[in-house]
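Visitor: for reference, the sequence and a predicted model appear below.
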Amino acid sequence: DVKVTQSSRYLVKRTGEKVFLECVQDMDHENMFWYRQDPGLGLRLIYFSYDVKMKEKGDIPEGYSVSREKKERFSLILESASTNQTSMYLCASSLADSRHTEAFFGQGTRLTVV
Amino acid sequence: AQKITQTQPGMFVQEKEAVTLDCTYDTSDPSYGLFWYKQPSSGEMIFLIYQGSYDQQNATEGRYSLNFQKARKSANLVISASQLGDSAMYFCAMRELRYGNNRLAFGKGNQVVVIP
């Protein structure tokens, strides 16, 4: 059974903290994505990676960075958490170089910054 | 810039009726893929159906079908014979392959509530 696993389901962090959200996939996918989901705004792409150590900015990268040291793991980093980063974060992965393959999603991390 | 547009407000649908969810997209890439996902209240994202830009026929998967109108850049999802379990958010997404870019962009979603 294919799997994308996010390290935490719920997180509460303080303003100014450095926050790491971890995502691991076991499907040997080249592509990995980080989205945030907010009511009325849908899923907005923060960053994605198409290979180890390769990354591209999505639509809302400000305040975030990412790391992909191994193919199966894609980390989202909030350098200095702020209350406007309170959101649901979704990680996804997919095969590369094909229009056809769908993305598989993790269960999401609900982050609250206080 | 927003590339996927889903503008319908929340919809109430009678059980066993069909419902159509609108999705329009914007791209200059001739090669792209369109996806629909379902997100029930549990939060998981469930892939429903895929349509490729070069596919000659509209995609179908069980009770889901895609009304693909390439010239109008629309990819509407049709759910036939609605069931209570169809109550969820539905997201349209697009993957463009220009420059080898595998970015996957989503719309804002459509809320569907199926009533008995």
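Guide: Okay, I see it. Owing to the predicted nature of the structure, the values given are computational and were not obtained by experimental measurement. Residues are numbered from 1 along each chain as shown, chains lettered A, B, ... in the order given.

Visitor: show me the contacts for A:E102.
Guide: Contacts were defined as Cβ atoms under 8 Å, 6 or more residues apart in numbering or on different chains; by that measure A:E102 touches A:S94, B:F35, B:F47, B:Y50. The C-beta positions use only the backbone N, C-alpha and C, and glycine is treated the same way.

Visitor: just the strands in the chain please.
Guide: Looking at chain A here, since you left the chain open. Listed in chain order, the strands of chain A (DSSP state E) span A:4-6, A:10-13, A:19-25, A:31-38, A:42-51, A:54-57, A:64-70, A:73-78, A:87-94, A:104-105, A:109-113.

Visitor: um, chain B though
Guide: With DSSP E as the criterion, chain B has strands spanning B:4-5, B:11-14, B:19-21, B:24-25, B:32-39, B:46-52, B:60-61, B:64-69, B:74-79, B:88-96, B:104-106, B:110-115.

Visitor: mean pLDDT, distance to chain A and mean neighbour count added to those strands, as JSON lines?
Guide: Compiled in JSON lines, those are given as follows (pLDDT from 0 to 100; distance: least, Cβ to the nearest Cβ, whole Å; neighbours: other Cβ atoms under 10 Å in any protein chain shown):
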{"stretch": "strand B:4-5", "mean pLDDT": "94", "distance to chain A": "8", "mean neighbour count": "18"}
{"stretch": "strand B:11-14", "mean pLDDT": "95", "distance to chain A": "15", "mean neighbour count": "14"}
{"stretch": "strand B:19-21", "mean pLDDT": "96", "distance to chain A": "13", "mean neighbour count": "19"}
{"stretch": "strand B:24-25", "mean pLDDT": "96", "distance to chain A": "13", "mean neighbour count": "18"}
{"stretch": "strand B:32-39", "mean pLDDT": "94", "distance to chain A": "3", "mean neighbour count": "23"}
{"stretch": "strand B:46-52", "mean pLDDT": "94", "distance to chain A": "4", "mean neighbour count": "18"}
{"stretch": "strand B:60-61", "mean pLDDT": "96", "distance to chain A": "11", "mean neighbour count": "12"}
{"stretch": "strand B:64-69", "mean pLDDT": "96", "distance to chain A": "13", "mean neighbour count": "18"}
{"stretch": "strand B:74-79", "mean pLDDT": "97", "distance to chain A": "13", "mean neighbour count": "22"}
{"stretch": "strand B:88-96", "mean pLDDT": "93", "distance to chain A": "6", "mean neighbour count": "24"}
{"stretch": "strand B:104-106", "mean pLDDT": "89", "distance to chain A": "4", "mean neighbour count": "22"}
{"stretch": "strand B:110-115", "mean pLDDT": "96", "distance to chain A": "10", "mean neighbour count": "17"}
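
Visitor: give me the local confidence score for B:R98.
Guide: We have a pLDDT of 68 for B:R98.

Visitor: having no further points to raise, I will conclude here.
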